[in-house]
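**Q** Here is a sequence together with a model predicted from it:
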Amino acid sequence: MTTIHTAGELDFQITELPELPPFDSVAMADPRDFDVEYAINPHMLDANGQLQKVDRVRAREQWEALRETLVGCGMKVEVEPALDRHPDFVFCANPGLPIPAGVLGDRPRWVPSRMASDRRAGEVEYWSGVFEGRGWKVEPLQGAAERFEGTGDGLWHPKRRLLWGGVGTRTSLEAWEELAGRYELPIVILGLRDPDLYHLDTCLAPLDERSCLWRPAAFDEDGQALVRALFEDPIEVSEEDAKQHFACNAFAPQPKGLQAPHVVVIQEGATRTRAELKARGFQVLEVETNEFLKSGGSVFCMKLAFASHEAPS
Ligand code: ARG
């Protein structure tokens with residue numbers, strides 16, 4: 001398989017793709033050391049160009065509330081303890097990509113990231129250890145890809161054997177080319193062009209097989225055409241909802257036995273997006289992640305979703 005760059009290259013329908021197990025589990029990382037100590041995206045600086053100031057007590061409360069919300073949705077939630085000297089550790093979607101069982105053989109795999117910033121490199125090693133300990137195969141990139149930020153730029157199409165791959169300041173195309181070949185996986189490439197929406201998970205949130213939240217202006221022309229071609233109902237998010245409220249960093253949990261209507265967990269205040277979701281029958285659960293928005297992250301990247309399927313013994 002190779003990467004897919006234009007809608008003209010599509011020779012399948014989503015419903016023809018093999019099914020994958022639901023991502024019914026999430027890992028979260030203790031926010032004890034969460035802070036803004038450096039700026040590696042525009043959100044980390046305030047209007048005066050100074051590092052944002054985090055209220056650690058509020059951050060803890062917001063993180064706990066998110067954890068409870070995800071548990072309440074029926075997700076299995078596992079928490080890893082804080083990692084010293086890693087203020088971005090809480091954004092555990094970024095240090096790697098889970099390849100669920102069934103994509104290649106019956107054992108899940110973990111592809112460690114190559115973080116764009118050295119400040120986050122230690123997180124990668126930590127998470128590789130966690131998944132190795134669970135019996136997953138850890139399979140680092142072998143090729144020349146300069147950058148790769150896991151589930152920040154790699155989003156699985158809900159329940160289908162298809163990956164969406166963002167290419168921009170955090171992930172290089174070479175990473176997706178290598179993974180498409182290695183796992184014989186179709187990977188739809190989306191070029192990112194808005195510095196404020198620097199990860200794919202800040203401008204695209206797949207909700208179910210047919211719908212997603214997205215900010216069209218964040219993508220190049222080919223990317224826009226691909227989203228429109230593969231999602232029956234791509235829900236457009238306004239600039240304000242996307243950038244002020246990180247609406248496209250929403251998360252649609254897939255607990256075991258999920259029945260419609262689906263739940264969408266989203267940062268509060270994205271009023272237009274909320275109305276669009278409700279009009280389609282989604283149950284909208286709003287959470288406050290304001291302290292984490294100061295670092296350029298919200299609901300989606302504060303957890304790492306995967307399928308609970310364990311390795312066969
Ligand atoms: N401060 C972190 C960074 O810039 C935030 C990461 C948020 N993650 C995300 N997928 N949007 O790396």
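**A** The structure has been received and is ready for your questions. Residues are numbered from 1 along each chain as shown.
**Q** Name whatever forms a beta bridge with W164.
**A** L155, V188 (DSSP bridges).
**Q** er, C212 I mean
**A** Residues in a beta bridge with C212, per DSSP bridges, are P206, P234.
**Q** Need the contact partners of the lengthiest helix in the chain.
**A** Looking across the chain with DSSP state H, the single longest helix is helix 56-72. For helix 56-72, contacts defined as C-beta atoms under 8 Å, 6 or more residues apart in numbering pick out 26, 28, 31-32, 34-35, 77, 79, 90, 253, 265, 285, 287-292, 299, 302-303. The C-beta positions use only the backbone N, C-alpha and C, and glycine is treated the same way.
**Q** That one - what's its average pLDDT?
**A** Averaged across helix 56-72, the pLDDT comes to 98.
**Q** again with stretch 242-259
**A** For stretch 242-259, the per-residue pLDDT averages 93.
**Q** try stretch 116-136
**A** Across stretch 116-136, pLDDT averages out at 97.
**Q** now swap in stretch 20-37 and tell me
**A** pLDDT averaged over stretch 20-37 gives 96.
**Q** Just the buried positions in it, please.
**A** 20-29, 31-36 (16 or more other C-beta atoms under 10 Å).
**Q** Take those and keep only those in strands.
**A** Among these, the residues falling in strands (DSSP state E) are S25, V26, A27, M28, A29.
**Q** nearest to V130, of the residues you listed?
**A** Distance to V130, by C-beta to C-beta, is smallest for A27 among these, at 7.2 Å.
**Q** Could you tell me which residues make contact with the residue in the stretch 101-250 of the chain that the ligand sits nearest to?
**A** Taking C-beta to the nearest ligand atom as the measure, the stretch 101-250 of the chain has G152 as its residue closest to the ligand, at 3.5 Å. G152 makes contacts with F91, A93, N94, G166, R170, T171, H199, L200, D201, C301, as judged by C-beta under 8 Å, 6+ apart.
**Q** gap between the last one and the ligand?
**A** Distance from C301 to the ligand, counting by C-beta to the nearest ligand atom, to the nearest Å: 3 Å.
**Q** if I pick that residue, what's in contact with it?
**A** C301 sits next to F91, C92, A93, N94, T151, G152, H199, D201, N249 when contact means C-beta under 8 Å, 6+ apart.
**Q** let's see it at 7 Å
**A** F91, A93, N94, G152, D201, N249 (C-beta atoms under 7 Å, 6 or more residues apart in numbering).
**Q** Looks to me like the first one is in a strand.
**A** No. Secondary structure assignment (DSSP: H, G, I helix; E, B strand; the rest coil) places F91 in coil, not in a strand.
**Q** That one reaches M302, doesn't it?
**A** Yes. Using C-beta atoms under 7 Å, F91 is in contact with M302, at 6.4 Å.
**Q** out of the contacts of helix 56-72, which are buried?
**A** Applying 16+ other C-beta under 10 Å to the contacts of helix 56-72 flags 26, 28, 31-32, 34-35, 77, 90, 253, 265, 285, 287-292, 299, 302-303 as buried.
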